[in-house]
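Chemist: Model the structure of this input:
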Amino acid sequence: MSQEVPQQEAPVRPRVSVVIVAYQCEAALRRCLTALDASDARENIEVLVVDAGSRDGCPSVDIDFPAIQMLRLPRNFGRTRARNIGMRTAQSDLIFFLDPYAEVQPNTVVTLASALEADDAVTACAPRLQDPSGAVRPNAFALPTPRQLAEAAMRGTPLPRVEPRDGLAEAVDEEAMMVRKSFLAGMNYLDEKRFSEHWSLLEVCWQIRNAGKHTQVLDQTCAVVYPRPPLGPDEALYAADRISGAAAFVGKHLGFGAGISFRIKCFFSALSSLKFGLAFSVLSGSKLDPTQ
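Modeler: Numbering: from 1, shown residues only. Okay, the predicted model is just below:
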């Protein structure tokens, strides 16, 4: 008689995959992971930390947080490539991009997931944000005009905020945003060639609106966002990367000539501010990830 072979149960996929890109932010990352570990239904949440070549303790935080998966990169290629690596590793169709400087409430992840599962027309959703004092930090905005994008890119300031209509927004900030992986896969994931550190999720918001889908902001849950430390000597490179990505966004959606005009205007703006190094970087199209 042949013996009956016991059937193995198929592994249970996580409900949500959280993707965090970390770079030189050990204290913030630990705070972020501690909050995630207190999440409702934590056993159904996959947490992937993509370390972008940090030289502090970030690459070894998995010693104290064994439930996470750590992906270590040799250097900082920017958030876009790091997010793609985390996303391709993720097992869930719901990808929660979370900034290491953000701290979620226990119900944040499951509430966002429920919103996406309840309505196929909603492709992305985000919690409302607040600062450590408890003050609300508006995170919804309209898809920007070239002038608005140029000002934000040159100064490193947020795009003009708008109040969501019926909870829906054209775009939301990058600190905490959950998106369907199937939609991102249809875009061939995030655009690494155009965006290195900045604006890749703005492009996702544009694609969502273009597809006739929605981005929702949920007031019933929130994430606390802590201030980032100064960039120091890397400030000029990050500014050049913001401008390069913004010019690529404008060129993609308004035409090649509009992208060139955007870059030239930013070049002269940097010159008039006596930021000669930035002006040269803008003209040469410097990015955080020079391999793209």
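Chemist: what's the lengthiest helix in the chain packed up against?
Modeler: What stands out as the longest helix in the chain, according to DSSP state H, is helix 235-254. Under the contact criterion of 3 or more Cβ pairs under 8 Å, 6 or more residues apart in numbering; DSSP states H and E, helix 235-254 touches helix 146-155, helix 200-210, helix 256-272, helix 276-284. In short, each C-beta sits where N, CA and C put it, glycine included.
Chemist: Which one of the ones you listed lies nearest to Arg31?
Modeler: helix 200-210 (22.0 Å; Cβ to Cβ).
Chemist: can you pull out the strands in the stretch 101-250 of the chain?
Modeler: Taking DSSP state E, counting those that start in this stretch as the criterion, the stretch 101-250 of the chain carries its strands at 102-104, 122-130, 136-137, 140-141, 168-169, 171-172, 176-180, 214-225.
Chemist: for the fifth one, the distance to its chain's centre please.
Modeler: Taking Cα atoms, centre = their mean, to the nearest Å, one finds the center of strand 168-169 at 17 Å from the center of the full chain.
Chemist: what does that strand rub up against?
Modeler: 140-141, 162, 214-217 (Cβ atoms under 8 Å, 6 or more residues apart in numbering).
Chemist: let's go with 7 Å and repeat that
Modeler: With Cβ atoms under 7 Å, 6 or more residues apart in numbering as the test, strand 168-169 has contacts from 140, 214-217.
Chemist: ditto for the last one
Modeler: Counting by Cβ under 7 Å, 6+ apart, the neighbours of strand 214-225 from elsewhere in the structure are 101-105, 107-108, 111-112, 115, 121-132, 137, 139-140, 164, 167-172, 175-176, 205, 208.
Chemist: quick one, it and helix 200-210 angle?
Modeler: Going by axes from the mean of the first three to the mean of the last three Cα atoms, to 10 degrees, strand 214-225 is angled at 150 degrees with respect to helix 200-210.
Chemist: mind listing what strand 214-225 pairs with, with the direction of each?
Modeler: When pairs are called by DSSP bridges, strand 214-225 turns out to pair with strand 102-104 (antiparallel), strand 122-130 (parallel), strand 168-169 (antiparallel).
Chemist: Can you give me the buried ones in it?
Modeler: Within strand 214-225, the residues scored as buried using 16 or more other Cβ atoms under 10 Å are 214-218, 221-225.
Chemist: So which of the helices and strands packed on helix 235-254 is the most surrounded?
Modeler: Among those, ranked by average contacts under mean count of other Cβ atoms under 10 Å, first place goes to helix 200-210 (a mean of 20).
Chemist: next one: that one to chain centre, how far?
Modeler: 12 Å.
Chemist: Packing partners of that helix?
Modeler: strand 122-130, strand 171-172, helix 235-254 (3 or more Cβ pairs under 7 Å, 6 or more residues apart in numbering; DSSP states H and E).
Chemist: what about 8 Å?
Modeler: Counting by 3+ Cβ pairs under 8 Å, 6+ apart, helix 200-210 packs on helix 79-89, strand 122-130, strand 171-172, helix 181-186, strand 214-225, helix 235-254.
Chemist: what sits up against that helix?
Modeler: 79-80, 83, 97, 123-124, 143-144, 170-172, 174, 177, 179, 183-184, 187, 190-191, 194-195, 214-215, 245, 249, 252-253.
Chemist: Mind checking which of those are buried?
Modeler: Using 16+ other Cβ under 10 Å as the burial test, the contacts of helix 200-210 include 79-80, 83, 97, 123-124, 143-144, 170-172, 174, 177, 179, 183-184, 190-191, 194-195, 214-215, 245, 249 as buried.
Chemist: wait, what's in contact with Val49?
Modeler: 20, 22, 29, 33, 58, 61-62, 68-71, 86.
Chemist: Could you rerun that using 6 Å?
Modeler: Val49 makes contact with 20, 22, 68, 70, according to Cβ atoms under 6 Å, 6 or more residues apart in numbering.
Chemist: one step back: so which pair among the buried residues of strand 214-225 is furthest apart in space?
Modeler: His214 and Val224 (25.2 Å).
Chemist: Return the distance of Val162 relative to Ala38.
Modeler: Separation of Val162 from Ala38 (Cβ to Cβ, to the nearest Å) stands at 32 Å.
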